[in-house]
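**Student:** Sequence first, then the predicted structure, then my questions.
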Amino acid sequence: MSKETQKLHEQLNLKVIDSHSHYLSYATFQSWQVSSTALQRRIRTRTDMTKVDVPNPDEDFAQRWVKELDRYGISRIGMMVGPETWQEFADALKRFPNRFYGYANINPLLPDAEDQARYVIRELGFHGYKLYPVLNNFHTYNEEAYKIYQVADELRVPVLHHFGISIGAGVNLRYGNPLDLQPAARDFPNVKFGIAHLGAGMFREALLLFYQQDNIYVDTSGSNVWVRYIPYPSTLKGVIQKTLEAGGPERILFGTDSSMFPRGFRYDILENQLRIFKDLNVSDDDLQKIFSENILCIMGEK
């Protein structure tokens with residue numbers, strides 16, 4: 001944490017909730033069935049990390065994350081959680097109340113997807129769903145996805161989506177257009193629909209949808225290196241400025257996409273984005289919305 005950011009943090013009394021990170025415990029690594037050598041090679045070639053610690057099976061992984069949040073003064077963190085760690089994460093929610101939000105990764109094409117969607121909220125205490133169209137090969141306007149949105153509407157929980165590019169192998173970008181979500185956003189006006197990573201390269205499409213539908217939210221998570229590859233000159237600052245112009249600060253959620261150790265919480269992303277918002281003359285009240293209050297509203301806690 002730089003002295004400049006720490007001073008700004010203290011001056012604003014800024015409460016920070018990271019709306020989008022990943023809970024990758026020992027069980028997650030086991031489910032990938034990738035050798036340690038292959039994993040390290042993939043990490044080096046597809047991310048900005050030089051190494052990753054594979055969690056110990058006996059490690060209290062939730063406690064490790066709480067210590068990390070305390071280290072950086074982060075109030076709470078939203079975690080994307082795969083089925084292999086649902087039960088483990090449910091225990092973390094009980095042990096550390098008000099430190100985690102849980103988004104259950106749901107594949108709507110599975111025959112029991114509706115049952116899973118109800119189970120993770122009612123029985124495990126999760127707070128919402130994460131859908132991954134480019135990985136699970138579905139359009140968000142199809143019948144299977146609509147069944148998940150119906151459950152979300154019934155249980156009053158948000159649904160986050162990953163559109164656009166991904167570091168994961170085997171994704172199909174033909175399912176990655178955020179505009180696919182427009183019919184569902186229209187048909188389920190009470191559901192809060194999220195778009196991760198500002199569209200992850202599909203920024204124009206995400207921006208149009210953000211402008212069109214009042215129940216669409218975007219999060220700023222990730223390194224957002226896709227900004228380099230969109231077919232017009234831009235920077236993350238320029239992208240954020242356009243997002244503010246299209247929908248205002250009330251539907252923007254701060255996130256880091258933190259995931260693996262030893263890197264841990266991505267304070268560099270917090271620092272960079274805080275600087276960008278200040279450079280864009282975002283007011284202190286609106287900063288509070290982006291960095292904590294908006295996610296509290298989505299979760300019905302404000």
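**Tutor:** Cool, the structure landed. Computed from a prediction, not measured in an experiment: that's the story for all the values here.
**Student:** Please list all residues in contact with Ile216.
**Tutor:** Going by Cβ atoms under 8 Å, 6 or more residues apart in numbering, Ile216 touches 181, 185, 193-195, 209-210, 247, 251. For every residue, glycine as well, the C-beta is placed using N, CA and C.
**Student:** taking the residues you listed one by one, which sit in strands?
**Tutor:** Secondary structure of the contacts of Ile216 is defined by DSSP state E; positions in strands are 193-195.
**Student:** before we move on, back to that, minimum pLDDT in the contacts of Ile216, which residue is that?
**Tutor:** Lowest model confidence among those falls on Gly247, which carries 95.
**Student:** Can you give me the neighbour number for it?
**Tutor:** Using other Cβ atoms under 10 Å, Gly247 is surrounded by 20 other residues.
**Student:** I'd like to know how far it sits from Met299.
**Tutor:** Noted for Gly247: a distance of 19 Å to Met299, by Cβ to Cβ, to the nearest Å.
**Student:** can you check Lys192 too?
**Tutor:** Distance from Lys192 to Met299, by Cβ to Cβ: 9 Å.
**Student:** now the protein, which segments are flagged as low pLDDT?
**Tutor:** Counting by pLDDT under 70, the chain contains low-confidence ranges at 1-12, 34-36, 40, 42-48, 169.
**Student:** Need the contact partners of the helix or strand encompassing Leu93.
**Tutor:** Under DSSP states H and E, the secondary-structure element containing Leu93 is helix 86-95. Outside of helix 86-95, the residues that reach it under the criterion Cβ under 8 Å, 6+ apart are 23, 25, 27, 61-62, 65, 79, 81, 100, 102, 104, 120, 123-126.
**Student:** After it, which helix or strand is next?
**Tutor:** Next in sequence after helix 86-95, counting helices and strands by DSSP H and E, comes strand 100-105.
**Student:** tell me what that following strand is packed against?
**Tutor:** Contacts of strand 100-105 with other secondary structure elements, assessed using 3 or more Cβ pairs under 8 Å, 6 or more residues apart in numbering; DSSP states H and E, are made with strand 76-81, helix 86-95, helix 113-122, strand 128-131.
**Student:** Any buried residues in the second one, and which?
**Tutor:** Yep, that's helix 86-95 we're talking about. Within helix 86-95, the residues that qualify as buried by neighbour count (16 or more other Cβ atoms under 10 Å) are 86, 88-90, 92-93.
**Student:** ditto for stretch 174-194
**Tutor:** Here stretch 174-194 shows 175-182, 184-185, 188, 191-194 as buried, counting by 16+ other Cβ under 10 Å.
**Student:** which residues are in contact with that stretch?
**Tutor:** So stretch 174-194 is in contact with 133-134, 137-141, 145-146, 149-150, 152-153, 156, 158-161, 163-165, 195, 199-200, 202, 205-206, 208-209, 212-213, 215-219, 253, 298, going by Cβ under 8 Å, 6+ apart.
**Student:** Please name the residues that touch the residue nearest to His20 when sequence neighbours are not counted.
**Tutor:** The shortest distance from His20 to any residue other than its chain neighbours is 3.3 Å, reached at Gly255 (Cβ to Cβ, 6 or more residues apart in numbering). When the contact criterion is Cβ under 8 Å, 6+ apart, the partners of Gly255 are 18-21, 78, 196, 219-222.
**Student:** returning to what we had before: relative to Thr235, which of the helices and strands packed on strand 100-105 is closest?
**Tutor:** In terms of Cβ to Cβ, the element of these nearest to Thr235 is strand 76-81, at 25.6 Å.
**Student:** Just name whatever secondary elements the closest one is in contact with.
**Tutor:** Contact analysis of strand 76-81 by 3+ Cβ pairs under 8 Å, 6+ apart lists strand 17-22, helix 61-72, strand 100-105 as its packing neighbours.
**Student:** Which positions in it come out as buried?
**Tutor:** Judged by neighbour count (16+ other Cβ under 10 Å), strand 76-81 contains these buried residues: 76-81.
**Student:** Format the CA atom coordinates belonging to it as CSV.
**Tutor:** Taking C-alpha atoms only, strand 76-81 is exported to CSV below (Å, rounded to 0.1, in the frame of the first residue of the first chain):
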residue,chain,number,x,y,z
ARG,A,76,-15.8,-8.1,2.8
ILE,A,77,-15.1,-10.0,-0.4
GLY,A,78,-17.3,-11.6,-3.0
MET,A,79,-16.1,-15.1,-4.0
MET,A,80,-16.9,-17.1,-7.1
VAL,A,81,-17.1,-20.7,-5.8
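**Student:** Cool, thanks, signing off.
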